[in-house]
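Novice: Just need the structure, nothing else, for what follows:
(2 chains)
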Number of protein chains: 2
Amino acid sequence: MTTTSTHQTEITADPDVPLVRITREFDAPPAKVVRAHTDPELVAQWLGPRGTEMRVDHFDCRTGGSYRYVHTSDGVEYAFRGCFHEVRPSKLIVQTFTFEGFPEGVALERLVLEDLGDGRTRLTSTSLVDSFEGRDAMIASGMDVGIREGYERLDDLLAR
Amino acid sequence: MTTTSTHQTEITADPDVPLVRITREFDAPPAKVVRAHTDPELVAQWLGPRGTEMRVDHFDCRTGGSYRYVHTSDGVEYAFRGCFHEVRPSKLIVQTFTFEGFPEGVALERLVLEDLGDGRTRLTSTSLVDSFEGRDAMIASGMDVGIREGYERLDDLLAR
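Specialist: Sure thing, here's the model as predicted:
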């Protein structure tokens, strides 16, 4: 298994609102990139940092659906859950997100896929929370490592 | 039918984040106030400004559920929908909210109920969006009238 892409994952903190913005290109068309986000069997193969095992409790990726999954890393379990506000095939996923270890924290996430042509896709993901402290703590938690490694694993999955 | 309460509805725009905060007291215990938010037959009797007819498309107010309803006012229909991120009985409802006339706009809403004793409840509701422009447009749209009148209708419902 080889990594076929060296695309950079750009993670920026918005200066005006408590939001993190992530952009990343993939060498695959939007329909394929979106399927890797909506099909739980595929999601489990790439979401999270390298070495993560993912167990899907439920994952009903449609408008009005919900999800819960558990990551295991070095024997420690981390559970995440939320609901899908809107799923527009090949275009957009709007969902909520909570790490169950900090149940008061809820992020509103928006994933947008842009067709760049030639079988390429630009993904833009935003994560909005209700305070700058919460946003900055999220960034300081090492989320960037998990996101970058996850997208490298997704590159591998898309290249298969 | 008489209004038994003259409680003020306080609506404030947060200075730091694009969030609206609403606080309101009710002369009813939390369990009763929350039931008026979770039982669609009750919700339809108070949500929205006076003179609004509400038709519930679906309203599954539990963690991971979703909702859609249509308000009719002066013959014009306004549809709203979202998903329920978390519902903690008598305590908390976290949900998303979209007016279908502006489908790109999504708010993350958090409703917290506090037992004040003596059969009284303080409700705090926050609505978070991703820009100050969007937040200020929401306030300028006359949402305050709908909220104030809705809570007066809720007073009446709770007094029955």
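Novice: all contacts plus neighbour counts: C-alpha atoms, from now on.
Specialist: Noted.
Novice: how deep is residue A:104 tucked in, by neighbour count?
Specialist: By the criterion of other CA atoms under 10 Å in any protein chain shown, residue A:104 has 10 neighbours.
Novice: which residues touch the residue of chain A most remote from its centre?
Specialist: The outermost residue of chain A relative to its centre, with distances by CA atoms, centre = their mean, is residue A:118 at 23.4 Å. By CA atoms under 8 Å, 6 or more residues apart in numbering or on different chains, the contact set of residue A:118 is residue A:29.
Novice: What distance do you get for it to chain B?
Specialist: 28 Å (CA to the nearest CA, to the nearest Å).
Novice: Pull the distance from the biggest strand by length in chain A to the chain's centre.
Specialist: Identified as the longest strand of chain A according to DSSP state E is strand A:76-88. Mean-position distance between strand A:76-88 and its chain equals 10 Å (CA atoms, centre = their mean, to the nearest Å).
Novice: How about stretch A:149-160?
Specialist: So, by CA atoms, centre = their mean, the centroid of stretch A:149-160 is 12 Å from its chain's centroid.
Novice: Could you list the buried residues of it?
Specialist: A:149, A:150, A:151, A:152, A:153, A:154, A:155, A:156, A:157, A:158 (16 or more other CA atoms under 10 Å in any protein chain shown).
Novice: Inside helices: which ones of those residues?
Specialist: A:149, A:150, A:151, A:152, A:153, A:154, A:155, A:156, A:157, A:158 (DSSP state H).
Novice: possible to save the residues you listed as JSON lines with pLDDT?
Specialist: Putting those into JSON lines (pLDDT from 0 to 100) gives the following:
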{"residue": "A:149", "pLDDT": "96"}
{"residue": "A:150", "pLDDT": "97"}
{"residue": "A:151", "pLDDT": "97"}
{"residue": "A:152", "pLDDT": "96"}
{"residue": "A:153", "pLDDT": "97"}
{"residue": "A:154", "pLDDT": "97"}
{"residue": "A:155", "pLDDT": "97"}
{"residue": "A:156", "pLDDT": "96"}
{"residue": "A:157", "pLDDT": "97"}
{"residue": "A:158", "pLDDT": "97"}
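Novice: what would those residues look like in JSON lines with distance to chain B?
Specialist: Putting those into JSON lines (distance: CA to the nearest CA, whole Å) gives the following:
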{"residue": "A:149", "distance to chain B": "27"}
{"residue": "A:150", "distance to chain B": "24"}
{"residue": "A:151", "distance to chain B": "25"}
{"residue": "A:152", "distance to chain B": "28"}
{"residue": "A:153", "distance to chain B": "28"}
{"residue": "A:154", "distance to chain B": "27"}
{"residue": "A:155", "distance to chain B": "29"}
{"residue": "A:156", "distance to chain B": "31"}
{"residue": "A:157", "distance to chain B": "29"}
{"residue": "A:158", "distance to chain B": "29"}
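Novice: Stretch A:45-61 and chain B, any residue contact?
Specialist: No - Stretch A:45-61 lies apart from chain B when judged by CA under 8 Å from any CA of the partner chain; the minimum separation is 9.9 Å.
Novice: No further questions, thank you.
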